[in-house]
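*Asks:* one predicted model, sequence on top.
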Amino acid sequence: MSLHTIAYHDVLLACVKDGDDLEAALLKLETNAHIKIDRSEMTVHRGLLLVDAIEDSDEVVWQGSKLGFLTDEHGRQYEFAVRRP
């Protein structure tokens, strides 16, 4: 499973594969949605697994909702972004 980076501030702003260009994803969102994202107010987490079911040892960082669905580079949606030991 590949690891992903997410960025959020109240709502999910971006979900990219670790190593992919997060800034490009944010710029694309700003252009498409006609918004300006304050980078100083967003939270970024790297090294997350996208999964549909959590395990007992998982730390859930984001859960998909109307505030943002986790979508990988292939367009597949997931329920959770977790840090797994």
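*Replies:* Right, received. Where do you want to start?
*Asks:* what's the spacing between the residue located most distally from the centre of the chain and residue 63?
*Replies:* Within the chain, residue 56 marks the point farthest from the mean C-alpha position, 21.1 Å out by CA atoms, centre = their mean. Distance of residue 56 to residue 63, computed by CB to CB, to the nearest Å: 16 Å. For every residue, glycine as well, the C-beta is placed using N, CA and C.
*Asks:* residue 13: which element?
*Replies:* In this assignment (DSSP states H and E), residue 13 forms part of strand 11-17.
*Asks:* tell me what that strand is packed against?
*Replies:* strand 4-9, helix 22-33, strand 70-71 (3 or more CB pairs under 8 Å, 6 or more residues apart in numbering; DSSP states H and E).
*Asks:* okay if I get those as a markdown table plus mean neighbour count?
*Replies:* Converted to a markdown table, the helices and strands packed on strand 11-17 look like this (neighbours: other CB atoms under 10 Å):
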| stretch | mean neighbour count |
| --- | --- |
| strand 4-9 | 20 |
| helix 22-33 | 13 |
| strand 70-71 | 20 |
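*Asks:* what residue ranges in this protein score low on pLDDT?
*Replies:* Within the chain, no range satisfies pLDDT under 70.
*Asks:* and the longest strand for it?
*Replies:* strand 43-51 (DSSP state E).
*Asks:* show me what counts as buried in the next helix or strand after that strand.
*Replies:* As assigned by DSSP H and E, the chain's next helix or strand after strand 43-51 is strand 59-63. For strand 59-63, the neighbour count (16 or more other CB atoms under 10 Å) marks 61-62 as buried.
*Asks:* what strands line up against strand 59-63, and which way round?
*Replies:* Pairing partners of strand 59-63, with direction, according to DSSP bridges: strand 80-83 (antiparallel).
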